[in-house]
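1. Following is a predicted model, sequence given first.
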Amino acid sequence: MTSNEIAAAVSGTASARFEATGVAFDSREIGPGDLFVAMKGESADGHRFVGQAFAAGAAGAIVSEPVEGPHVLVADTAAALNDLARAARARSAARIVGVTGSAGKTGTKEALHAALERAAPGRAHRSVKSYNNHTGVPLSLARMPRDARFAVLEMGMNHAGELAALTRLVRPHVAIVTTIAPAHKEFFDTVEAIADAKGEIFQGLEEGGTAFVPFDSPYCGRLRAAAEPYAARILSFGLDDGADIRARDVVRAPGGGSLVTAALPGEAQLTYTVSQPGAHWVANSLAVLSAVQAVGGDLALAGLALAELGGIKGRGERHVIQVAGGEAVLIDESYNANPASMAATLAAFGADEAPGRRIAVLGAMKELGAESDDYHAALARPVADACVDLAILVGQEMAALAKALGPQVEMAHVPDADAAIAAARAAIGPGDRILVKGSNSVGLAALVEALASGKS
């Protein structure tokens, strides 16, 4: 965008002419030609980093106070970022998919982007990382290239009303809810209330838009009702008979994934491989294929993309690590966790028939409210069913699981990630498989980094 276009979009005043080819509000992410948005947060003021942004090659900045260098002056930089997102959305002819859910939304977003990128190389846009909140979503929209053919935007929430605002900014043509689970239960009285908050994503659907809901969820009907006032079509996806898009046949594929035969709308049928293990990935792949079909992508190419999809950092990426006497396999699921994603990941871990001990490093699940102990204790069954040989439990909340496991599984309960690193190093041997999963704030990404890099 040119400085004149930016100034018009955000109702600001440009100090000089410039042209920006990217957007960021973190000065550490600025590259040559980018626009730096100087956001004011609770603990930091982006205006302090304007100089660093220009030194990194920023073409200009959006600021609420005059600075040295080309800039657009506005009253409120956070509001300006939203205005910039609206401008990018208004100029775009891309077919846009919005994705939310209590678990699986980032993986689904990445898989869907990979599928659409096959159909339109270089013209499929997506949210990076987990930029799915009130600042990440407008940033992702603002970054959308003018000539994008497809876009996939992840949207998250931990309070009612947040998704309604985000989806009206995105205005998707297709909206997906992956699953409903007691994530962020601390902020909701019931799981039904979580389903209602996730169902807000349908409120921003463009006219003629399509809603996809998880058939196997007990909240499918509730989500369908939430979509009815806004969607021209509502389709369900799942593993059970009765889903509009369903897996007719699923068998284990070489390498740990699944070979799936799926029935799609219009009597279409597709057989494909999902590289990632677990029934939850099969269900998510059905949502991916459904969305590809809905936005006019190529189903055959989408199937190839699912077969070649690699692990995502913090969400299934695998590392071969060096240990005394040989190698071990580390599975990085460290980015986040809730009861549903924990159970699904442990099930996939247990289904892996590769030889060797199974070690699970499990971090506390945060924001579960008054029922936190019950949710943690309930993981005892998935841990046992996964035939875990050693469980390293991290965080105070994991005391409930430690008590529920009792003597049936060898375990160590440690207070934090540093202690978990020491416990894991002492335990891991050649041929072991190590699953690492927990809420992001527990900090198990540091454990993955330490074990994968061999650093202390």
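-> That came through, no problem. Keep in mind that this is a model prediction, so the values were computed, not measured.
2. Now the helix or strand A197 falls within - C-alpha only, PDB.
-> In the assignment (DSSP states H and E), A197 maps to helix 191-198. In PDB, the C-alpha atoms belonging to helix 191-198 read as follows (Å, rounded to 0.1, in the frame of the first residue of the first chain):
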ATOM      1  CA  VAL A 191     -19.300 -26.000  27.900                       C
ATOM      2  CA  GLU A 192     -22.600 -25.000  26.200                       C
ATOM      3  CA  ALA A 193     -21.500 -21.400  26.700                       C
ATOM      4  CA  ILE A 194     -18.200 -22.200  25.000                       C
ATOM      5  CA  ALA A 195     -20.100 -23.700  22.000                       C
ATOM      6  CA  ASP A 196     -22.200 -20.500  21.800                       C
ATOM      7  CA  ALA A 197     -19.100 -18.300  21.800                       C
ATOM      8  CA  LYS A 198     -17.400 -20.500  19.100                       C
END
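3. ok, then the element right after that helix?
-> Next along from helix 191-198, by DSSP H and E: strand 210-214.
4. Adjacent strands (with direction) for that following strand?
-> The strands beside strand 210-214 in its sheet (DSSP bridges) come out as strand 174-177 (parallel), strand 233-238 (parallel).
5. ok, and what's touching it?
-> Residues from elsewhere that reach strand 210-214, judged by C-beta atoms under 8 Å, 6 or more residues apart in numbering: 101, 173-180, 202, 205, 220, 223-224, 227, 230-238, 245, 283, 287, 290-291, 294. To be clear about C-beta, it is placed using only N, CA and C from the backbone, and glycine gets the same treatment.
6. now stretch 305-314
-> Contacts of stretch 305-314 (C-beta under 8 Å, 6+ apart): 106-107, 110-111, 114-115, 117-118, 257, 272-276, 285, 288-289, 317-318, 331-336, 440, 445, 448.
7. among these, which ones are buried?
-> By neighbour count, with 16 or more other C-beta atoms under 10 Å, the contacts of stretch 305-314 hold 106-107, 110-111, 114-115, 117-118, 257, 272-276, 285, 288-289, 317, 331-336, 445, 448 as buried.
8. Now intersect these with the strands, please.
-> Members of the buried ones among the contacts of stretch 305-314 lying in strands (criterion: DSSP state E): 272-274, 317, 331-333.
9. nearest to A88, of these?
-> Nearest to A88, judged by C-beta to C-beta, of those is E317 at 30.2 Å.
10. The closest one and D332 touch, don't they?
-> Yes - if you go by C-beta atoms under 8 Å, E317 and D332 touch, sitting 4.6 Å apart.
11. Give the full set of residues in contact with the closest residue to A348 other than its chain neighbours.
-> Nearest residue to A348 in three dimensions, chain neighbours excluded: G278, at 3.2 Å (C-beta to C-beta, 6 or more residues apart in numbering). By C-beta under 8 Å, 6+ apart, the contact set of G278 is 344-345, 347-348, 351.
12. circling back: taking the ones in strands among the buried ones among the contacts of stretch 305-314 together, which two end up most distant?
-> Y272 and D332, at 24.9 Å, using C-beta to C-beta across these.
13. re the thing from before, next, format the strands paired with strand 210-214 as JSON lines and append mean pLDDT.
-> As requested, the strands paired with strand 210-214 are arranged in JSON lines below (pLDDT from 0 to 100):
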{"stretch": "strand 174-177", "mean pLDDT": "98"}
{"stretch": "strand 233-238", "mean pLDDT": "96"}
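14. right, and these - which one's nearest E371?
-> strand 174-177 (22.3 Å).
15. Other residues contacting that closest one?
-> Contacts to strand 174-177, defined as C-beta under 8 Å, 6+ apart, come from residues 95-101, 108, 167, 198-199, 201-202, 204-205, 209-214, 223, 227, 231, 287, 291, 294-295.
16. circling back: from the ones in strands among the buried ones among the contacts of stretch 305-314, which single one is nearest I428?
-> Closest approach between those and I428, by C-beta to C-beta: I331, at 12.7 Å.
17. Which residues are in contact with the residue nearest to T271 when sequence neighbours are not counted?
-> Nearest residue to T271, sequence neighbours excluded (C-beta to C-beta, 6+ apart): T261, at 4.6 Å. Counting by C-beta under 8 Å, 6+ apart, T261 makes contact with 247-250, 269-271.
18. Skip ahead from the helix or strand containing D249 and say which helix or strand is next.
-> Element membership of D249, judged by DSSP H and E, is strand 245-252. Taking DSSP H and E as the definition, the helix or strand that follows strand 245-252 towards the C-terminus is strand 258-263.
19. Next, the angle strand 233-238 makes with that following strand.
-> Here the directions of strand 258-263 and strand 233-238 differ by 140 degrees (axes from the mean of the first three to the mean of the last three C-alpha atoms, to 10 degrees).
20. Poorly predicted segments of the stretch 101-250 of the chain, please.
-> The stretch 101-250 of the chain contains residues with pLDDT under 70 at 184.
21. ranges for the helices of it?
-> Listed in chain order, the helices of the stretch 101-250 of the chain (DSSP state H, counting those that start in this stretch) span 105-119, 136-142, 162-170, 191-198, 220-227.
22. now for the shortest one, which elements pack on it?
-> Going back to what we said before, that points to helix 136-142. strand 22-24, helix 77-91, strand 150-154, helix 162-170 (3 or more C-beta pairs under 8 Å, 6 or more residues apart in numbering; DSSP states H and E).
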